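*Asks:* got a predicted model here, sequence first, then my questions.
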There are 2 protein chains.
Amino acid sequence: MANYPKPLNRLVTELGKLPGIGRQTAQRLAFHILSMPEDETEQLTQAITQAKKNMKFCSVCGNLTDSDPCAICTDTRRDQDVICVVEDSRDVIAMEKIKEYHGLYHVLQGAISPMKGIGPDDINLRSLIVRLQEKDVKELILATNPNIEGEATAMYIGKLVKPSGIKVSRIAHGIPVGGDLEYADEETLLKALEGRRSL
Amino acid sequence: MANYPKPLNRLVTELGKLPGIGRQTAQRLAFHILSMPEDETEQLTQAITQAKKNMKFCSVCGNLTDSDPCAICTDTRRDQDVICVVEDSRDVIAMEKIKEYHGLYHVLQGAISPMKGIGPDDINLRSLIVRLQEKDVKELILATNPNIEGEATAMYIGKLVKPSGIKVSRIAHGIPVGGDLEYADEETLLKALEGRRSL
């Protein structure tokens, strides 16, 4: 827009680069930011800078953390012989929410995707193998996403680890709780059927 | 969430303070920001800081600007004898988009609202009166919002200015173009009827 003063235009552009923030929302946010007291905008920019500076990947499990090793890896009350493999730090948060899993994690920071040119060496996999060799791990739970990349990654890790005798499992896929059979896609329905358990 | 590292938690909290950004969206944005290259996050924080620092209110019309007086006030090609009164800088942008208005603006930076304890002295009104006294203004177009506060503000300014002999007009309210009579609320329909023009 020609009539936007430059600093405002720049702010709208930068905000519009964030995911899910369109031009309209970016404008609304920009005007809101301009109307905020200066110390509040400072808190916002500080939070961005500080998070960027202090958050790093845990050298053990690859999770996002502000202390290395992360709070989960150093928590001795957790089961040290179970590792849940996920693609992303957000998946750790999702798993922690159910409050039923008390083992450790390994965050791959991605998934194997030949289409995108991402191979086993491009994700945080080597450190998992080292962990499995050095620690006495009894079970490896593969909780990568139920899509092509996630399945390929789970298959790859499964094949890699199985010969070592460690129990390897994959989380169940099926109809979500509260979901409707009628509206489930065929792939999900097939998984649900395959994963049926005797009552 | 107990398992969020502090810097991440702080970032989510700060982002969540922005309008229309819920906890989920704030989380998504925070993780995206953490995954951005450092120079991109710097561009974002710089854009916020610079906009905050360089954007000010035009001393003539009260519009948000990076130069004082603003680009509209200093544009001699615009009609100097028509002033459109709006509540907000965003309204100026909306008006400019139609590309049909070539006069000046006056941004009130709010509206009179006894409910919220905002009186005539709390909005950018005094400088409008000064403008009307000092400049040769022929028409004042009241384009405040069609709600209680906007109407009250328009009425107040109308009464204040009318004795000076300046033509005062109010933008039309009615069924929006492409709108449906059936779904129009009664208030809008009433305004549309009242504002009918002979063909």
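*Replies:* Now that the structure is in, tell me what you want to look at. Numbering: from 1, shown residues only, chains lettered A, B, ... in the order given.
*Asks:* so what does the top helix by length along chain A touch, helix or strand wise?
*Replies:* Longest helix of chain A, by residue count under DSSP state H: helix A:38-54. With contacts defined as 3 or more Cβ pairs under 8 Å, 6 or more residues apart in numbering or on different chains; DSSP states H and E, the packing partners of helix A:38-54 are helix B:6-16, helix B:23-35, helix B:38-54. Just so you know, the C-beta spots here come from the backbone N, C-alpha and C atoms, and that holds for glycine as well.
*Asks:* centroid-nearest residue for chain A?
*Replies:* With distances taken as Cα atoms, centre = their mean, the residue of chain A nearest its centroid is A:D88 (1.9 Å).
*Asks:* list the contacts of it.
*Replies:* A:V107, A:L108, A:Q109, A:G110 (Cβ atoms under 8 Å, 6 or more residues apart in numbering or on different chains).
*Asks:* among these, who's most crowded?
*Replies:* A:V107 (26 neighbours; other Cβ atoms under 10 Å in any protein chain shown).
*Asks:* would you mind measuring from the closest residue to A:C70 other than its chain neighbours to A:V161?
*Replies:* In space, A:C70 comes closest to A:C58 once its chain neighbours are excluded; the distance is 3.8 Å by Cβ to Cβ, 6 or more residues apart in numbering or on different chains. Distance, A:C58 to A:V161, by Cβ to Cβ, to the nearest Å: 20 Å.
*Asks:* more neighbours: those two, which one.
*Replies:* Using other Cβ under 10 Å as the criterion, A:C58 and A:V161 rank with A:C58 on top: 25 against 19.
*Asks:* I'd say the more buried one and A:T65 touch.
*Replies:* Yes - between A:C58 and A:T65 a contact is recorded at 4.7 Å, counting by Cβ atoms under 8 Å.
*Asks:* what helix or strand is A:C73 on?
*Replies:* A:C73 belongs to no helix or strand when assigned by DSSP states H and E.
*Asks:* same question, A:V137
*Replies:* Going by DSSP H and E, A:V137 is not part of any helix or strand.
*Asks:* backbone dihedrals for it, both of them.
*Replies:* phi -90, psi 130 (degrees, to the nearest 10).
*Asks:* ditto for A:A152
*Replies:* Note on A:A152: backbone dihedrals following degrees, to the nearest 10 are phi -60, psi -40.
*Asks:* what is the burial count for it?
*Replies:* With other Cβ under 10 Å as criterion, A:A152 counts 17.
*Asks:* how does chain A divide into domains?
*Replies:* According to automatic domain parsing, chain A comprises the domains A:6-54, A:64-198.
*Asks:* the ones you listed: which one's closest to B:A26?
*Replies:* Nearest of those to B:A26, taken as Cβ to Cβ: domain A:6-54 at 10.7 Å.
*Asks:* chain center to the helix or strand of chain A with the lowest mean pLDDT: distance?
*Replies:* Within chain A, no helix or strand scores below helix A:186-194, which has a mean of 80 by mean pLDDT, DSSP states H and E. Put simply, helix A:186-194 sits 24 Å off its chain's centre (Cα atoms, centre = their mean, to the nearest Å).
*Asks:* quick check: buried residues in that helix?
*Replies:* Within helix A:186-194, the residues scored as buried using 16 or more other Cβ atoms under 10 Å in any protein chain shown are A:T188, A:K191, A:A192.
*Asks:* distance check, the last one against B:H102.
*Replies:* This points to A:A192. 65 Å.
*Asks:* now the first one
*Replies:* When distance is defined by Cβ to Cβ, A:T188 is 59 Å away from B:H102.
*Asks:* so what's the residue count around A:V137?
*Replies:* 21.
*Asks:* do the one 3 residues further on as well
*Replies:* Using other Cβ under 10 Å, the number of residues around A:L140 comes to 24.
*Asks:* chain B versus A:P163, what's the distance?
*Replies:* Separation of A:P163 from chain B (Cβ to the nearest Cβ, to the nearest Å) stands at 34 Å.
*Asks:* assign that residue to helix, strand or coil.
*Replies:* helix (DSSP: H, G, I helix; E, B strand; the rest coil).
*Asks:* which residues touch it?
*Replies:* Contact analysis of A:P163 by Cβ under 8 Å, 6+ apart lists nothing.
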